[in-house]
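Engineer: 3D, please:
(2 chains)
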Amino acid sequence: MLKPKALAKALQQANTSGVRNTVLLNSEGSLLAFAGEDDRDAKVRAAISSSIWLTYEKVGKQLWPPGQIRQMILPCMDGSVIITKVPGGLLCLFCSKGVGLGMLRLKANKLADYLDQPLSSLST
Amino acid sequence: MADDIEDYLRQLLAGVDGLEGIVISDRDGVPVVKALNSDIPEAASRPGFLATFSMATEQASKLGLGANKSLVCFYDNFQVVHLNFMPLVATLLARVDANTGVLLGMTAQLYDSIQQLKEAVDGV
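Structural biologist: Residues are numbered from 1 along each chain as shown, chains lettered A, B, ... in the order given. The predicted structure is shown next:
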């Protein structure tokens, strides 16, 4: 089984150089784990991120060839969000303005790869 | 004017490797001007898909990171980039191996055309 503290510690590794929060959600959009500066809005952010993801996942299935959604990036005025598919849920990284999207994507991909095996064992 | 803008969009299509379609639509997803290569699925230029961004950008602007500027969505075989020029939206449809940075940088190249369309729409 996953250890909550170990999971939060793993997510915390991404919170450097402008990345402020890292959140792990289940497939229903509920918060599984959080690491970062401000956890007051974590549930709200998780729900919003999940909602946007599910909408694009649905439209992706209507396109030909049917495409599975893999990742989303949302650049905003004061920061950016990246949402990545992981086994059984979503991984979200929130960063402040000035963080390169390439670096954000690299961190998200590395963290998703790191969590792939432990999360896969849970979702099977 | 629409023909001129469509010609300009076709020039941009030819100039960016992997870019297969550009659609400028209103917030409800109704296409205003578009330039598409034959590889693009028909459904990708329909209002049902194009209007997705209006909902997504409104939700994304509530993430605490300021107003949402754009959205990048990676599917298995292609990527979709939405650029926010509300009340207009530019949707870029590209292969998954296209340069996402270049696509996001097209905000500046599309700005003048979008402004002309906005003035025309406001004048109706």
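Engineer: can you count the residues close to residue 46?
Structural biologist: Chain wasn't specified; assuming chain A. Around A:Ala46 there are 22 other residues, counting by other CB atoms under 10 Å in any protein chain shown. Bear in mind the C-beta positions are built from the backbone N, C-alpha and C, glycine included.
Engineer: was after chain B, sorry
Structural biologist: A count of nearby residues for B:Arg46, using other CB under 10 Å, gives 18.
Engineer: what about the top helix by length along chain A and chain B, any contact?
Structural biologist: For chain A, the helix with the greatest residue count under DSSP state H is helix A:101-123. Yes. Interface with chain B: helix A:101-123 contributes A:Leu101, A:Gly102 (CB under 8 Å from any CB of the partner chain).
Engineer: return the set of buried residues in that helix.
Structural biologist: For helix A:101-123, the neighbour count (16 or more other CB atoms under 10 Å in any protein chain shown) marks A:Leu101, A:Leu104, A:Arg105, A:Lys107, A:Ala108, A:Leu111, A:Ala112, A:Leu115, A:Pro118, A:Leu119 as buried.
Engineer: surely the first one touches A:Ser80?
Structural biologist: This means A:Leu101. Yes. In this structure, A:Leu101 is within contact of A:Ser80 by CB atoms under 8 Å, at 6.3 Å.
Engineer: tell me, what's touching these two both at once?
Structural biologist: Here A:Leu101 and A:Ser80 share the contacting residues A:Ile73, scored by CB atoms under 8 Å, 6 or more residues apart in numbering or on different chains.
Engineer: contact residues of chain A facing chain B?
Structural biologist: So chain A meets chain B at A:41, A:44-45, A:48-49, A:51-52, A:55-56, A:59-60, A:62-65, A:67-81, A:94, A:101-102 (CB under 8 Å from any CB).
Engineer: that older thread, report the two of the buried residues of helix A:101-123 separated the most.
Structural biologist: Using CB to CB, those span at most 26.9 Å, a distance reached by A:Leu101 and A:Pro118.
Engineer: which SSE is B:Asp7 in?
Structural biologist: Per DSSP states H and E, B:Asp7 falls inside helix B:2-15.
Engineer: that helix: what's the following helix or strand?
Structural biologist: Next along the chain after helix B:2-15, taking DSSP H and E as the criterion, comes strand B:19-26.
Engineer: what pairs with that following strand, and is each one parallel or antiparallel?
Structural biologist: Note on strand B:19-26: by DSSP bridges, its sheet partners are strand B:31-36 (antiparallel), strand B:88-95 (antiparallel).
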